[in-house]
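**Q** just coords:
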C-alpha cells in the first residue's frame, strides 16, 4: 500500500485554512450599510468600512450623520447602529465546539443601537454577553432590545423642541435584559421601557414609550428583508491617513 506523506506546501495551506477558520469565528461583518461607517482599530488607525468589511475585538465602529449600519456576528447576533453612534467591540469570541469560552463584551460610546442576540449568552454562560453604557451594564437572557445614550448626546422629545431627561434608555422587544449598576439590578421584559440616570441611580421603569426614533431609510429596511446590499458597488473599504 502506498503511504501518503503530505508535503510542506500542503501542510502550510492546511494550517492557514485552519487559522482562517478560527479567526473568522471571532469576527463580525457589515451585513447592511446606508451612509458612512468608519472604524478605529486597536492600533489607532482608521478605516472607512463597506459591505462585508470585518469587525473584530478592539474595533470602535462609528456611523456618521444620516447613516445606518448593521453588523452580523458569527454566532447569529446582530447590532444595528443609528446615525451619529459609536460602539466599541471589546471582545467577541465564539467557537461552535467550545460554548464555555463564549464571550461578547461591547460598549455603547454614544448614540443608539438595536440588537438581536445570537448564541453567545444562550448556550453556555449567561453572563458571557454584556453591553456597557454610561450608566449601567446590560446583560441578556436571550432577547431583542434597544439602548440609547441620551446622557452623552441629548435626545429630542417626539414633536417637541425640548430634550428628553439625560439618561440611558432601554426597551425590550423580545426576551429579557438586566440592567446593573452601583445601585442594584433591574430586569426588563418584552414590551417594557426603562431609564438609568447615572451609575448610582437604580434603573427604573417608564410607564410609556419615550419615543426615541429609529427610522432608517426604506432602502435599508428593504435590504434587510431581502438580503440585498444598499451600498453595493458604491463603497470599498479604505484606510484614512492622518
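**A** Sure thing, it's come through. If you're wondering where the values come from, they're calculated on a predicted model, not measured in any experiment. Residues are numbered from 1 along each chain as shown.
**Q** lowest mean pLDDT among the helices and strands of this structure, which one is it?
**A** Every helix and strand of the chain was ranked by mean pLDDT, DSSP states H and E. The lowest is helix 8-24, at a mean of 39.
**Q** flag the shaky bits of the chain, pLDDT-wise.
**A** 1-25, 223, 225-242 (pLDDT under 70).
**Q** and the longest strand for the chain?
**A** Ranked by number of residues, the top strand in the chain under DSSP state E is strand 103-116.
**Q** identify each buried residue in that one, please.
**A** 103-109, 111-116 (16 or more other Cβ atoms under 10 Å). Using the backbone N, CA and C atoms, a C-beta is placed for each residue, glycine as well.
**Q** following it, which helix or strand comes up?
**A** strand 129-132 (DSSP states H and E).
**Q** direction included, what does that following strand pair up with?
**A** Strand 129-132 has the following sheet partners, assigned by DSSP bridges: strand 103-116 (parallel), strand 137-140 (antiparallel).
**Q** any chance of the ones you listed in JSON lines, with distance to residue 58 too?
**A** Listed next are these as JSON lines, based on distance: least, Cβ to Cβ, whole Å:
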{"stretch": "strand 103-116", "distance to residue 58": "11"}
{"stretch": "strand 137-140", "distance to residue 58": "19"}
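**Q** residue 173 is nearest to which of the ones you listed?
**A** strand 103-116 (8.3 Å; Cβ to Cβ).
**Q** just how off-centre is that closest one within its chain?
**A** 4 Å (Cα atoms, centre = their mean, to the nearest Å).
**Q** any idea how far residue 172 is from residue 116?
**A** 12 Å (Cβ to Cβ, to the nearest Å).
**Q** which residues are in contact with both of those two?
**A** Residues touching both residue 172 and residue 116 by Cβ atoms under 8 Å, 6 or more residues apart in numbering: residue 144.
**Q** neighbours of residue 134, how many?
**A** Residues near residue 134, counting by other Cβ atoms under 10 Å, number 19.
**Q** cool, residue 141 as well?
**A** Residue 141: 15 neighbours (other Cβ under 10 Å).
**Q** and what of residue 191?
**A** Residue 191: 10 surrounding residues under other Cβ under 10 Å.
**Q** can you name the residues bridging to the residue nearest to it when sequence neighbours are not counted?
**A** Of all residues not flanking residue 191 in the chain, residue 172 sits nearest, at 6.9 Å (Cβ to Cβ, 6 or more residues apart in numbering). With DSSP bridges as the criterion, residue 172 is bridged to residue 145.
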